[in-house]
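Visitor: Please find the sequence and the predicted model below.
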Amino acid sequence: MTEGFDFKVEKEVLELSDGGRVAIRRWGGAKRERIVLSHGNGLAIDGFYQFAQELMADFEVVVFDMRSHGQSGPGEVMDNPWPRFVADIPEIYDSIQGRFGEKPTHGAFHSLSSVATLLAQSREPRGWRSLTLYEPPVPPVADEALLEEFVASHEELSRRTRARRRTFSGPERLVTSLRRSPTFGGIPDEVIERMAAGMLYYAGNDPEAPYELVCDPDLEANTFDIRLPREWWDAIGTVTVPVQVVVGTTLGHDLPGLIRSAGFLAQTFGFECAAVEGGGHLMQMQRPHRCAEHAVRFATAKSENNAA
């Protein structure tokens, strides 16, 4: 069980069909409708707890760490993890419905988990009522110029990630490292500290630096090296669940190319698009209230439409 939260936590570790593990938790109490949250590449869902709290008045909040992240624990370093990330989502959805009961279920996913969920819905759909996707880094394969920009930025992210420090004396050393990155700018100290604790596990291999990153930097880098087949992009057009894409704003954004590629995704497939003023790629930690407003508005509207 997660400690230190000021709300009730119920946890289950799901064993996936290939033997991988995913930690699923319900934060707070049961509600009539549910919203499911997960995180981006290399991160941990514990860092999104303020965003989750903003949703609890309206929804039952269920969260999970993607495989090889956070409380799901370290796992295999796959050369191409994307097919497995995508295949995991329907299994996770089914497990949530089985563990916490069948009810209308929405998604509010960030980056890695948003792409995995969207692609899974195009291949093995589940009964999501709505999906709010925060800057999904779907390679814009239908636009040559945007794709070139996307690939170049992700190659740089991959290069830097492979050089990342892997072991730490404790979470506070990782906090210091994260604070150096502009990506983590504008995030409160307590949120960065929670994120750092979720990103590490006690390995004990080095007495001077016994903590290691749960997500191996090689796996994180391989995830940044996403190559999306054209047929996967085209299949997004079969998604019928209501989708909202949420982007940050250009001023001060750490990865401005994602605004353009996510906007292109929304425009191409007719998804709704919203912006968070002052938000970077980690907007749910930087602007949790505003991000939650978008998710609640969209999910509530789609539930009302479904009931009409």
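Guide: Yep, it's here.
Visitor: Can you pull out the low-pLDDT segments for the stretch 51-200 of the chain?
Guide: Low-confidence segments of the stretch 51-200 of the chain, defined by pLDDT under 70: none present.
Visitor: Check the gap between the closest residue to residue 111 other than its chain neighbours and residue 282 for me.
Guide: Nearest residue to residue 111 in three dimensions, chain neighbours excluded: residue 40, at 3.0 Å (CB to CB, 6 or more residues apart in numbering). C-betas here are computed from N, CA, C, even on glycine. Using CB to CB, to the nearest Å, one gets 8 Å for the distance from residue 40 to residue 282.
Visitor: which residues are common contacts for those two?
Guide: residue 110 (CB atoms under 8 Å, 6 or more residues apart in numbering).
Visitor: The residue at minimal distance from the centre of the chain: what's its closest spatial neighbour, skipping adjacent residues?
Guide: A centroid search over the chain (CA atoms, centre = their mean) returns residue 39, at 2.3 Å, as the residue closest to the centre. Counting by CB to CB, 6+ apart, the nearest residue to residue 39 once its immediate chain neighbours are dropped is residue 45, at 4.9 Å.
Visitor: Spell out the residue ranges of the strands in this structure.
Guide: 9-15, 21-27, 34-38, 60-64, 105-110, 128-134, 167-168, 200-202, 211-213, 243-247, 272-275 (DSSP state E).
Visitor: related to what we said a few turns ago, need the contact list for the residue nearest to residue 111.
Guide: 110-113, 281-282.
Visitor: So which of these is the closest to residue 30?
Guide: Residue 30 lies nearest to residue 113 out of the contacts of residue 40, by CB to CB, at 22.7 Å.
Visitor: what's the residue nearest to that closest one when sequence neighbours are not counted in contact with, if anything?
Guide: The shortest distance from residue 113 to any non-neighbouring residue, by CB to CB, 6+ apart, is to residue 38 (3.6 Å). For residue 38, the contacting residues are 45, 63-66, 109-110, 112-113, 117, by CB under 8 Å, 6+ apart.
Visitor: out of the contacts of residue 40, who's nearest residue 289?
Guide: Using CB to CB, the contacts of residue 40 come closest to residue 289 at residue 282, 14.6 Å.
Visitor: Wait, the closest one touches residue 187, no?
Guide: Yes - the pair residue 282 and residue 187 qualifies as a contact (CB atoms under 8 Å) at a distance of 6.4 Å.
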